[in-house]
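Asker: Okay, sequence plus prediction incoming.
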Amino acid sequence: MHWADHTAQTLQQRGDSQVIASGITPSGEFHVGHLREILTAEMIHRACLDAGMDSRYIFIVDSMDPLRRIYDFLAPNYEQYIGCPLAYIPAPGPDGEPDPDGGSYAEHFLGPFLEALREIGVEPEVVMNHETYESGAFADKTHSAIGQRGEISEVIEEVSGREVPEDWFPYNPLGSDGSLDGVRVTGYEHPHVHWVDRHGVEGASDIRTGQGKLPWRIDWASRWGIHGITCEPAGKDHGAAGGSYDTGIPICEMLGGQPPHKMVYEWIQLKGMGPMSSSAGVTVGPLDALGLVPPEIMRYVIARSKVGRHIDFDTGTALFQTADE
């Protein structure tokens with residue numbers, strides 16, 4: 001039995017309705033390594049449909065994640081946007097300068113990737129996470145997380161083995177400059193989180209809007225419940241013992257949700273160069289890959305390997321052997 005069919009059979013024990021998810025942060029250009037998560041989720045979705053279940057496949061874009069640093073392709077002017085959500089900053093122009101007419105940073109990098117997914121036969125429901133925050137869908141989970149601040153802190157420490165700062169708060173508000181960095185929470189009166197930012201400006205964020213976000217481990221656990229996700233494959237960095245998957249499972253339950261079926265996948269490596277990494281420059285873009293091989297072969301590269309095994313993506317003569325297989 002193929003691994004996707006086996007997973008669908010396991011999921012059927014949960015019920016006849018499934019929501020399969022994958023997610024991505026649009027911080028820069030995507031690479032073939034990102035396709036493993038997307039295609040793994042999409043193949044499970046197809047297997048669920050083949051098994052006669054109702055199934056949705058949603059692709060969550062972490063557009064509320066902040067810009068963490070000035071990448072090589074960005075101009076120094078992006079310094080002003082560090083810490084700001086990717087949905088709320090301008091896209092880079094050809095010269096790397098912020099382009100106010102070019103749409104958002106998140107949309108800029110997401111567009112070509114969705115085009116590559118369409119070529120490979122994947123058309124998921126796209127969920128922009130900043131829109132989920134703006135709609136108020138995170139509000140109840142946020143309020144619950146704040147109310148269980150101490151308990152959640154203990155879970156993170158016990159499961160991950162890392163120490164949580166004494167002033168840690170399960171909600172990160174946006175400061176007066178639109179950045180999540182350097183903002184200290186001073187109090188909470190539902191639905192407002194009061195804060196003072198690094199400029200000494202005081203303010204309050206309404207948790208029913210996009211004026212802040214949950215820390216990653218709580219954000220992920222919350223969205224499982226918000227979207228009713230039953231399966232979400234995750235890379236081995238998140239799926240390792242003590243990682244964000246293991247902390248997310250009890251946190252999801254504490255917030256009133258049911259955790260999804262845990263599935264951890266290995267990375268795609270560029271033959272002879274190790275795991276693909278955008279920051280290290282070890283990448284093959286999805287559209288570049290589709291210039292080398294047709295979509296069905298790209299799907300086969302992912303489908304033939306069990307999710308727990310790494311994949312060597314060989315751009316040389318081995319592609320002919322893969323085509324023959």
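Answerer: Good, I have the coordinates.

Asker: Residue 78 reaches residue 95, doesn't it?
Answerer: No: taking contacts as C-beta atoms under 8 Å, residue 78 lies outside contact range of residue 95: 12.0 Å. Using the backbone N, CA and C atoms, a C-beta is placed for each residue, glycine as well.

Asker: These two: who's more crowded?
Answerer: Legend: neighbour count by other C-beta atoms under 10 Å for residue 78 and residue 95, higher for residue 78 (21 against 7).

Asker: Going by neighbour count, which residues of the top helix by length along the chain are buried?
Answerer: Of all segments of type helix in the chain, defined using DSSP state H, the longest is helix 32-50. Residues of helix 32-50 classed as buried under the neighbour-count rule (16 or more other C-beta atoms under 10 Å) are 32-48.

Asker: hey, where'd the helices end up in the stretch 101-250 of the chain?
Answerer: Remark: helices assigned in the stretch 101-250 of the chain by DSSP state H, counting those that start in this stretch are 105-119, 129-134, 139-147, 149-160, 216-227, 236-239, 244-254.

Asker: Could you tell me the angle between the longest one and helix 32-50?
Answerer: If I follow you right, that is helix 105-119. 60 degrees (axes from the mean of the first three to the mean of the last three C-alpha atoms, to 10 degrees).

Asker: what is the mean pLDDT for helix 105-119?
Answerer: Mean pLDDT, computed over helix 105-119, is 90.

Asker: and for that helix, what are the contacting residues?
Answerer: For helix 105-119, contacts defined as C-beta atoms under 8 Å, 6 or more residues apart in numbering pick out 24, 26-30, 34-35, 38, 61, 63, 67, 81, 86-87, 89-92, 102, 123-124, 126, 128, 130, 285-287, 290, 295.

Asker: Next: the last one.
Answerer: Among residues not part of helix 244-254, those counted as contacts by C-beta under 8 Å, 6+ apart are 144-145, 148, 151-152, 155-156, 159-160, 216-218, 220-222, 224-225, 234, 238-239, 258-259, 262, 264.

Asker: Adding mean neighbour count and distance to residue 269, write the helices of the stretch 101-250 of the chain out as CSV.
Answerer: Conversion of these to CSV gives the following (neighbours: other C-beta atoms under 10 Å; distance: least, C-beta to C-beta, whole Å):
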stretch, mean neighbour count, distance to residue 269
helix 105-119, 19, 19
helix 129-134, 20, 29
helix 139-147, 20, 36
helix 149-160, 16, 26
helix 216-227, 23, 25
helix 236-239, 16, 12
helix 244-254, 22, 22
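
Asker: what separates residue 9 from residue 44, distance-wise?
Answerer: 11 Å (C-beta to C-beta, to the nearest Å).

Asker: my bad, residue 159
Answerer: Residue 159 sits 26 Å away from residue 44, taking C-beta to C-beta as the criterion.

Asker: Residue 244 too?
Answerer: When C-beta to C-beta is the yardstick, residue 244 and residue 44 sit 20 Å from each other.

Asker: now residue 258: how far from residue 229?
Answerer: Distance from residue 258 to residue 229, counting by C-beta to C-beta: 9 Å.

Asker: same deal with residue 160?
Answerer: Distance, residue 160 to residue 229, by C-beta to C-beta: 21 Å.

Asker: what's the answer for residue 174, then?
Answerer: Residue 174 sits at a distance of 26 Å from residue 229 (criterion: C-beta to C-beta).

Asker: Tell me which stretches of the stretch 151-300 of the chain form strands.
Answerer: Ranges of strands in the stretch 151-300 of the chain, per DSSP state E, counting those that start in this stretch, are 172-173, 184-189, 192-196, 202-206, 212-213, 231-235, 261-265, 268-270, 274-275.

Asker: is it possible to export these to a markdown table including mean pLDDT and distance to residue 254?
Answerer: Below are the strands of the stretch 151-300 of the chain laid out as a markdown table (pLDDT from 0 to 100; distance: least, C-beta to C-beta, whole Å):
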| stretch | mean pLDDT | distance to residue 254 |
| --- | --- | --- |
| strand 172-173 | 98 | 19 |
| strand 184-189 | 98 | 18 |
| strand 192-196 | 98 | 19 |
| strand 202-206 | 98 | 22 |
| strand 212-213 | 98 | 18 |
| strand 231-235 | 92 | 18 |
| strand 261-265 | 92 | 17 |
| strand 268-270 | 72 | 34 |
| strand 274-275 | 56 | 33 |
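
Asker: Just to check, residue 95 is in contact with residue 75?
Answerer: Yes: the pair residue 95 / residue 75 is scored as a contact, 6.7 Å apart, by C-beta under 8 Å.

Asker: Among the contacts of helix 105-119, name the buried ones.
Answerer: By 16+ other C-beta under 10 Å, the contacts of helix 105-119 give 24, 26-30, 34-35, 38, 61, 63, 67, 81, 86-87, 89-92, 124, 128, 130, 285-286, 290, 295 as buried.

Asker: what's the spacing between stretch 172-184 and its chain's center?
Answerer: How far stretch 172-184 lies from its chain's middle: 21 Å, per C-alpha atoms, centre = their mean, to the nearest Å.

Asker: Kindly report the same for stretch 245-264.
Answerer: So, by C-alpha atoms, centre = their mean, the centroid of stretch 245-264 is 15 Å from its chain's centroid.
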